[in-house]
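Student: Take this sequence and fold it.
(one chain, ligands or ions: 1)
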Amino acid sequence: MSPLEPFGARLRRAMDERGPLCVGIDPHASLLAEWGLDDDVAGLERFSRTVVEAVADRVAVLKPQSAFFERFGSRGLAVLEKSVQEARAAGALVVMDAKRGDIGSTMAAYAEAFLRPGAPLFSDALTVSPYLGYGSLSPAVALARESGAGLFVLALTSNPEGGEVQHAVRADGRTVGATVLAHLAAENAGEEPLGSFGAVVGATLGDLSSYDLAVNGPLLAPGIGAQGATPADLPRVFGAAVRNVVPNVSRGVLRHGPDVSALRGAAERFAGEIRAAVAGV
Ligand SMILES: O=C(O)c1cc(=O)[nH]c(=O)n1[C@@H]1O[C@H](COP(=O)(O)O)[C@@H](O)[C@H]1O
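Tutor: Got it, this is the predicted structure:
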């Protein structure tokens, strides 16, 4: 299979054409109930299909959260495979949110599962954890480069517990989070129009001016909506790097289902607020 154009270039184009919003596919049991669906594989499939139908032809990125599919075992994974394929066919880039992180040949196997074109769960990008050491991700970096896929590496996560690891100061005086960002900047050096190796940086984190977010790669920013951040926070949190931010909203959109036009309306409202917030920065 011929390699895809690099993820960063494909993402930049999608963000320019469709706006930067990423809608999460997070089929929480509580949302299935709110949508009048059973907490079973049929409910999962209906939920996921509906989100894809509503927004995959108009937002830049869809981000299925693997855990909600894994909960149903092999049949849940079959739904996930189909959702990824349908979302990509409708023109969205798919970021698989599986937050994988392991060492050596095991990390290589995770990379094969998600980043090898033709694999059943092949996705445009994968979320990964660098907390076994950034270098442990090298098999995934190598395969992503070969395939034209990307990674989103957890740098400064949106949850309050993340700080005890990510803000910890190393012997060289840098924080752990800043070190992850520096690795990504090195990975993306010289890439145009945008590197393929992104950071996850929560939109909930307030002033991040002490961090160098200029990694020449995308910044996936979860936390808008249910976790309390708003599109208006983006310029304050990200400063000049806001141009490379991919804001993720999951429950903030999904709670408007199951009606397709209500889901679309919610996504369009967030997209409009994001556009207004970042204009002129
Ligand atoms: O990697 C992620 O996507 C992620 C990182 C992070 O720091 N915080 C975070 O909330 N997420 C994911 O982003 C989504 C947020 O969902 P909502 O809070 O419903 O918008 C979930 O799928 C989380 O797993």
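Student: Next one: the residue of the chain most remote from its centre relative to the ligand, how far apart?
Tutor: The centre of the chain is farthest from one residue, A171, which by C-alpha atoms, centre = their mean lies 30.8 Å away. Separation of A171 from the ligand (C-beta to the nearest ligand atom, to the nearest Å) stands at 26 Å. All C-beta atoms are positioned from the backbone trio N, CA, C, and that covers glycine.
Student: Specify the local secondary structure of that residue.
Tutor: Using DSSP: H, G, I helix; E, B strand; the rest coil, the structure places A171 in coil.
Student: shift numbering so it begins at 55
Tutor: Shifting the count to begin at 55 puts that one at A225.
Student: and it, what are its phi and psi?
Tutor: phi -60, psi -30 (degrees, to the nearest 10).
Student: same question, Q119
Tutor: Torsion angles, degrees, to the nearest 10, at Q119: phi -90, psi 110.
Student: so what's it up against?
Tutor: G78, I79, D80, D151, S304 (C-beta atoms under 8 Å, 6 or more residues apart in numbering).
Student: Quick one: name the residues of the stretch 155-304 of the chain near the ligand.
Tutor: 181, 211-213, 254, 256, 276, 279-281, 302-304 (C-beta under 6 Å from any ligand atom).
Student: swap the cut-off to 8 Å and go again
Tutor: 181, 206, 208, 210-213, 216, 254-256, 274, 276-281, 302-304 (C-beta under 8 Å from any ligand atom).
Student: if we can go back for a sec, which of the contacts of Q119 fall in strands?
Tutor: Secondary structure from DSSP state E places G78, I79, D151 of the contacts of Q119 in strands.
Student: Can I get the helix or strand hosting E218 in CSV? Just the C-alpha atoms.
Tutor: Assigned by DSSP states H and E, E218 belongs to helix 217-220. The C-alpha trace of helix 217-220 is given here as CSV (Å, rounded to 0.1, in the frame of the first residue of the first chain):
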residue,chain,number,x,y,z
GLY,A,217,0.2,17.7,37.3
GLU,A,218,2.0,15.5,39.8
VAL,A,219,3.8,13.8,36.9
GLN,A,220,3.8,16.4,34.2
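Student: Which elements pack onto that helix?
Tutor: helix 230-241 (3 or more C-beta pairs under 8 Å, 6 or more residues apart in numbering; DSSP states H and E).
Student: what packs against the helix it packs on?
Tutor: Using 3+ C-beta pairs under 8 Å, 6+ apart: helix 230-241 touches strand 204-210, helix 217-220, strand 251-255.
Student: Sheet-wise, list the partners of the first one with their directions.
Tutor: If you go by DSSP bridges, strand 204-210 pairs up with strand 179-182 (parallel), strand 251-255 (parallel).
Student: Quick check: next helix or strand after the longest one?
Tutor: Beyond strand 251-255 in the direction of the C-terminus, DSSP H and E gives the next helix or strand as strand 273-275.
Student: Give the pairing partners of that following strand; include direction for each.
Tutor: Here, using DSSP bridges, strand 273-275 pairs with strand 251-255 (parallel), strand 299-303 (parallel).
Student: returning to that earlier point: so which of the ones in strands among the contacts of Q119 reach the ligand?
Tutor: Okay, of the ones in strands among the contacts of Q119 touching the ligand (C-beta under 8 Å from any ligand atom), that's G78, D151.
Student: so who does the closest residue in space to D266 that isn't next to it in sequence touch?
Tutor: Excluding the flanking residues, the one nearest D266 by C-beta to C-beta, 6 or more residues apart in numbering is L235, at 6.1 Å. L235 makes contact with A209, A253, Y265, D266, L267, V269 under the criterion C-beta under 8 Å, 6+ apart.
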